[in-house]
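Colleague: give me the fold of what follows.
(2 chains, ligands or ions: 3)
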Amino acid sequence: MAQKVLMKGNEAVAEAAIRAGCRLYFAYPITPQSELIEYMAKMMPKVNGTFIQAESEVAAINMIYGASGCGRRAMTSSSSPGISLKQEGISYIAGAKLPAVIVNVQRGGPGLGDIQPSQGDYFQATKGGGHGDYRVIVLAPNSVQEFADMAADAFDLADKYRNPVMILADGLLGQMMEPVEFKIAKTDQEIEELNKQHYDWCMRPNVDGEERHHHEINSLELDPNVLEKHVLSLNETYKKIEQNETSHEEYNINEDNEIFCVAFGTASRIVKSAITELKKKGHNVGLIRPRTVWPFPSEAINRAITGKVRKILVFELNLGQMVEDVQLSVNGKVPVDFMGRVGGIVFTPDEVIKKIQESL
Amino acid sequence: MQVIAQRPKSLMKIPFTYCPGCLHGIAHRLIAEAMDELDICDKTMGVAPVGCSVFAYKFFDCDMAEAAHGRAPAVATGMRRARPDMCVFTYQGDGDLAAIGTAEIVHSANRGENITVFFVNNAIYGMTGGQMAPTTLPSMKTSTSPYGRDVNDIGYPIKASELLATLEAPYYIERVSLLSPQEIIKAKKSVLNALKYNKENRGFTFVEFISTCPTNWGIEPVKSREWARENMLKFFEIGCFRDRSKDHEGGEK
Ligand SMILES: Cc1ncc(C[n+]2csc(CCOP(=O)(O)OP(=O)(O)O)c2C)c(N)n1
Ligand code: SF4
Ligand SMILES: [Mg+2]
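Modeller: Numbers count the residues shown, from 1 in each chain, chains lettered A, B, ... in the order given. Ligands and ions are numbered 1, 2, ... in the order given. Sure, this is the predicted structure:
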């Protein structure tokens, strides 16, 4: 039976990535994700993996482009300012249809901001982030356990759809310690099998006895008609992802809700404890927590709008980013209200309770 | 009948897209011939740059990646680390390597990545229509240095080979010329050395080609080679800046 260990989120996601078959990791140090790069520096040599402290986040993401282009599980991580630098590479990775995993342990912005937890990169993560018409699958954990679990999910999704996947965490999830139970580590043989699923397109040697191949990893196409076709085919993939991979958690959602909240990641933990407190006082408030923020669980939010619901409250550690997706989802059916804190400040359960009580 | 010259096997059977008289095609050919001679094509991957040679990924008959502008050495790093049993090379222009990609080339050289970098120095941005490059000569006119490169304002051209030769790790660094058949024969030897060392896992190897851009220099092909000889070779001296195989006794001479 697997044992629970007490670990920081940053270390747990690194350990889980290695167990999921990640053998190439490239990154540049930045607070509050440095434990992640340090864990990889320590552990990768022990599994015959590659660890490189790159000269910049730009270089790191382009190393991922090269390694993923060879069909191998590769990961990079950073925090907000470094994720901005990676956007060029993420766009190329999406354009070239490469699987890749990127972890963002968000901190306060804009600019250098601070090193406290934030959800200020929601727009950047879910709306593309770099240039061009593309999507990144974005997973939003709210516990150390889920942070770790999502590492394996991220690699599977990246492989399945040949698309970049981001785990959108924040400084709190990265730094805090919680008990976590890990999946059994993949063996070298299992990892080799995973790599083979990419053999029909990835860069690899020509093998004796097989027909010679010429594989190109590329996002350039100068013929507008061909490029349009390519972008449309990416869009087909995005539709499939929306259909199959949207994920959320419901807490106290029921027929009698007059109000429910929407929050993701760290913010959702605080909203959940506020709702639990209110429940004790006899108030029936629900919570929808998107586990994927792209694709966004619009349907789940709409389903929760039963006859009695008169308001949706959105809580984020930014000045209102996901709230736009909630508004788009409900399309004016009910009013959507918002509360956020920024600068690296996390609202307290009391602040959230007060905000909810204004509407009760 | 004896065949004395034919298309290298390591080149795809499609025509180049370069301007008449452009030397990119010669550089491609030398690399492909060396790949044939070393019999490494089946175990080689290349990285194309952003620049006139952007379509290099279509021209070489091995697996190829097209990198973002300047990032080829980082992409090559990821490829080589993912497939340490393969030869990896990049092919880059001067804007790609010595301006936007300065950090990536310096640090991959400094890590001693086992990759070969082919660097085509034509003193200009060819693809975007003749703007100033980090290698544009002093006083040379381009579309973004219309009064001539003013070294007091924008600095001197960067000598990439000399710069990289200040680092400990690189195994082989040589600057060669593509301006005449004799020089091309010498350049071929350098390309062969670089790929041979690569195959032998010796570390970072680098070949700089002094090239031309008749189209954007506005000088017809033959004269452009004369112009390059008169001007570029004076500034960018031909020579081997590093050959670690000669560091050891009994090493190749
Ligand atoms: C990020 C980015 N900036 C600018 C460009 C535009 N661009 C394309 S090629 C090029 C210069 C290429 O010059 P060089 O590397 O010398 O190659 P050449 O065409 O001379 O062979 C530039 C600036 C780009 N594609 N990407
Ligand atoms: S623009 Fe210059 S470098 Fe580019 S193909 Fe033409 S001659 Fe060659
Ligand atoms: Mg150039």
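
Colleague: burial measure for the closest residue to A:Gly130 other than its chain neighbours, as a count.
Modeller: Using CB to CB, 6 or more residues apart in numbering or on different chains and skipping the chain neighbours, the partner closest in space to A:Gly130 is A:Ser91 (3.2 Å). C-beta coordinates here come from the backbone N, C-alpha and C atoms, glycine included. Residue neighbour count, defined by other CB atoms under 10 Å in any protein chain shown, stands at 22 for A:Ser91.

Colleague: show the contacting residues for A:Ser91.
Modeller: Applying CB atoms under 8 Å, 6 or more residues apart in numbering or on different chains, we find A:Ser91 in contact with A:Gly128, A:Gly129, A:Gly130, A:His131, A:Gly132, A:Tyr134, A:Ser219.

Colleague: so how do I select the buried members of the residues you listed in PyMOL?
Modeller: This is the PyMOL syntax for the buried subset of those, where burial follows 16 or more other CB atoms under 10 Å in any protein chain shown:
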select buried, chain A and resi 128+129+130+134+219
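
Colleague: identify the farthest-apart pair in the contacts of A:Ser91.
Modeller: A:Gly129 and A:Ser219 (15.3 Å; CB to CB).

Colleague: A:Arg204 against A:Gly69, yeah?
Modeller: No. Counting by CB atoms under 8 Å, A:Arg204 does not reach A:Gly69; the two are 9.9 Å apart.

Colleague: so between these two, which is more surrounded?
Modeller: A:Gly69 (35 against 23).

Colleague: ok so, going back, look at the residue nearest to A:Gly130 and tell me its secondary structure.
Modeller: helix (DSSP: H, G, I helix; E, B strand; the rest coil).

Colleague: and the gap between it and ligand 1?
Modeller: 11 Å (CB to the nearest ligand atom, to the nearest Å).

Colleague: show me what the lengthiest helix in chain B is packed against.
Modeller: In chain B, assigned by DSSP state H, the helix with the most residues is helix B:181-199. Under the contact criterion of 3 or more CB pairs under 8 Å, 6 or more residues apart in numbering or on different chains; DSSP states H and E, helix B:181-199 touches helix B:24-38, strand B:87-93, strand B:116-121, strand B:172-177, strand B:205-210.

Colleague: which residues are in contact with A:Ala300?
Modeller: A:Thr246, A:His248, A:Glu250, A:Ile288.

Colleague: taking those together, which two end up most distant?
Modeller: Among the contacts of A:Ala300, A:Thr246 and A:Glu250 lie farthest apart (CB to CB), at 13.2 Å.

Colleague: can you list the low-confidence ranges for the stretch 151-253 of chain B?
Modeller: B:248-253 (pLDDT under 70).

Colleague: what is the burial count for the residue in chain A that ligand 2 sits nearest to?
Modeller: Here chain A gets closest to ligand 2 at one residue, A:Leu222, 14.8 Å apart by CB to the nearest ligand atom. Number of residues near A:Leu222 (other CB under 10 Å) recorded here: 8.

Colleague: residues of stretch A:14-30 that come out buried?
Modeller: So for stretch A:14-30, counting by 16+ other CB under 10 Å, buried means A:14-28, A:30.

Colleague: what's the longest helix of chain B in contact with?
Modeller: Residues contacting helix B:181-199 (CB under 8 Å, 6+ apart): B:26, B:30-31, B:33-35, B:37-38, B:40, B:87-89, B:114-116, B:118, B:171-172, B:174, B:176-178, B:203, B:205-207, B:209, B:238, B:240, B:243, B:245.

Colleague: show me the domain layout of chain A.
Modeller: A:5-196, A:248-359 (automatic domain parsing).

Colleague: which of the ones you listed sits most buried?
Modeller: domain A:5-196 (a mean of 23; mean count of other CB atoms under 10 Å in any protein chain shown).

Colleague: just the terminal-to-terminal distance for that one.
Modeller: For domain A:5-196, the first and last residues are 33 Å from each other (CA to CA, to the nearest Å).

Colleague: can you tell me how far B:Ser180 is from B:Cys52?
Modeller: 21 Å (CB to CB, to the nearest Å).

Colleague: try A:Asn195
Modeller: A:Asn195 is 34 Å from B:Cys52, by CB to CB.

Colleague: A:Arg135 too?
Modeller: Counting by CB to CB, the gap from A:Arg135 to B:Cys52 is 32 Å.

Colleague: and if you look at B:Lys234?
Modeller: 24 Å.

Colleague: more neighbours, these two?
Modeller: B:Cys52 (22 against 9).

Colleague: next up, the contacts around that one.
Modeller: B:Tyr18, B:Cys22, B:His24, B:Gly93, B:Gly126, B:Met127, B:Cys213.

Colleague: could I get the pLDDT score of it?
Modeller: Here, the pLDDT recorded for B:Cys52 equals 98.

Colleague: then A:Tyr199?
Modeller: A:Tyr199 is given a pLDDT of 97.

Colleague: ok now do A:Phe268, which residues does it touch?
Modeller: I think there's a mix-up here, since residue A:268 is Ser and not Phe. With CB under 8 Å, 6+ apart, A:Ser268 has these contacts: A:Asn142, A:Leu287, A:Arg289, A:Phe315.

Colleague: let's see that with 6 Å instead.
Modeller: A:Asn142, A:Arg289 (CB atoms under 6 Å, 6 or more residues apart in numbering or on different chains).
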